[in-house]
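Q: what's the 3D shape of this:
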Amino acid sequence: MRAAELDQLDRDGFVVLENLIAPDYLAALRNRIDELLAQEGATAGSEFKQEPHARRLANLVDKGEVFERAILMPRLLELASHVLGPRFKLGSVNYRSADPHSASSQPLHVDVGALPDEKGYSVCNTVWMLDDFTPDNGSTRCVPGTHRSGKSPQQVLADPLAAHPDEILITGQAGTVVVMNAHLWHGGTANRTDDPRRALHVFYTRWDKPQQQYQKKLLRPEVQARFGPELRQILALDDPLNDKLCQETTSMSGFLR
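A: A predicted model of the protein is given here:
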């Protein structure tokens, strides 16, 4: 890995990896997502959370090999390890599409409402741009460096929905992946264009925290049965501590309550 990537991840809380998704893989992800949206209709995303003015899918590891590939991409695992340390696991794989001509934005938030603790950071998200992210179509906004504040925007800001004076937009071409220390203050913006803005979110969490979506419970037995040791480990399928943690909590989101 380039030292500059690690420096930016430490300093700003995110790094942008251009052209990480190969064109054929990008097409496969888009095609499978279109199939799932058509199949699931109004129930899409219901395993986790549904959101006004956006379309969601959840529990995607259960819904195709194309998503299994996403959670084991070596470059992303190395960057996630830089944030979380050597022991971490998948928290969830979700899809979110900002609806066209929606004035709705997300409040600034940290993922799962998490704050750093005595062990350090506990959440790391990767945002896969399935479409170009532009200033007008709902790109992610963030406030660089806020992952080091030790506070959530809800603790500090009078209105987390309002524009922050130090926020920036993360834009890029389809095929780009953003790796984000998910303690960074961030949120989606309004899509003012004619087309949806599609993204895949592959979210990792530290070994001693619950998964955002309890994979062992959500994944069908026949799906789990075909997984090899590497997938089983990253999904925490044979981890008694993860079972205990996930059974003691419910599905979590940083801003959808």
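Q: Look up which helix or strand residue 128 falls in, please.
A: strand 123-129 (DSSP states H and E).
Q: ditto for residue 9
A: With DSSP H and E as the criterion, residue 9 is inside helix 3-12.
Q: CA atoms of that helix as PDB?
A: The C-alpha coordinates for helix 3-12 follow below in PDB (Å, rounded to 0.1, in the frame of the first residue of the first chain):
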ATOM      1  CA  ALA A   3       2.100   5.500   2.400                       C
ATOM      2  CA  ALA A   4       0.000   8.400   1.200                       C
ATOM      3  CA  GLU A   5      -3.200   6.400   1.400                       C
ATOM      4  CA  LEU A   6      -2.500   5.500   5.000                       C
ATOM      5  CA  ASP A   7      -1.600   9.100   5.800                       C
ATOM      6  CA  GLN A   8      -4.800  10.400   4.400                       C
ATOM      7  CA  LEU A   9      -6.800   7.700   6.200                       C
ATOM      8  CA  ASP A  10      -5.200   8.700   9.500                       C
ATOM      9  CA  ARG A  11      -5.400  12.400   8.900                       C
ATOM     10  CA  ASP A  12      -8.700  13.000   7.100                       C
END
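Q: Report all helices and strands that that helix contacts.
A: strand 14-17, helix 74-84 (3 or more CB pairs under 8 Å, 6 or more residues apart in numbering; DSSP states H and E). Where you see a C-beta, it was placed from the backbone N, CA and C, and this is true even at glycine.
Q: What residues sit buried inside the longest one?
A: Judged by neighbour count using 16 or more other CB atoms under 10 Å, the buried positions of helix 74-84 are 76, 79-80, 82-84.
Q: can those residues go into a markdown table with extra columns for pLDDT and distance to residue 16?
A: Compiled in a markdown table, the buried residues of helix 74-84 are given as follows (pLDDT from 0 to 100; distance: CB to CB, whole Å):
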| residue | pLDDT | distance to residue 16 |
| --- | --- | --- |
| 76 | 97 | 13 |
| 79 | 97 | 11 |
| 80 | 98 | 15 |
| 82 | 97 | 15 |
| 83 | 98 | 15 |
| 84 | 98 | 19 |
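Q: Nearest to residue 5 among those residues?
A: Of all the buried residues of helix 74-84, residue 79 has the smallest distance to residue 5: 7.1 Å, by CB to CB.
Q: Touching, that closest one and residue 178? I think so.
A: No: the pair residue 79 and residue 178 fails to qualify as a contact (CB atoms under 8 Å) at a distance of 10.4 Å.
Q: joint contacts of those two?
A: Taking CB atoms under 8 Å, 6 or more residues apart in numbering as the contact rule, residue 79 and residue 178 both touch residue 15.
Q: Starting from the strand holding residue 128, tell me which strands it pairs with and how they run.
A: Here strand 123-129 has these sheet partners by DSSP bridges: strand 177-181 (antiparallel), strand 197-206 (antiparallel).
Q: any idea of the mean pLDDT for it?
A: Average pLDDT, strand 123-129: 98.
Q: Could I have the CA atoms of that strand written out in CSV?
A: This file holds the C-alpha atoms of strand 123-129, laid out as CSV (Å, rounded to 0.1, in the frame of the first residue of the first chain):
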residue,chain,number,x,y,z
VAL,A,123,-15.9,0.8,12.6
CYS,A,124,-14.7,1.1,9.0
ASN,A,125,-17.0,1.4,6.0
THR,A,126,-16.3,1.1,2.3
VAL,A,127,-18.5,3.0,-0.2
TRP,A,128,-18.5,1.5,-3.7
MET,A,129,-19.5,4.0,-6.4
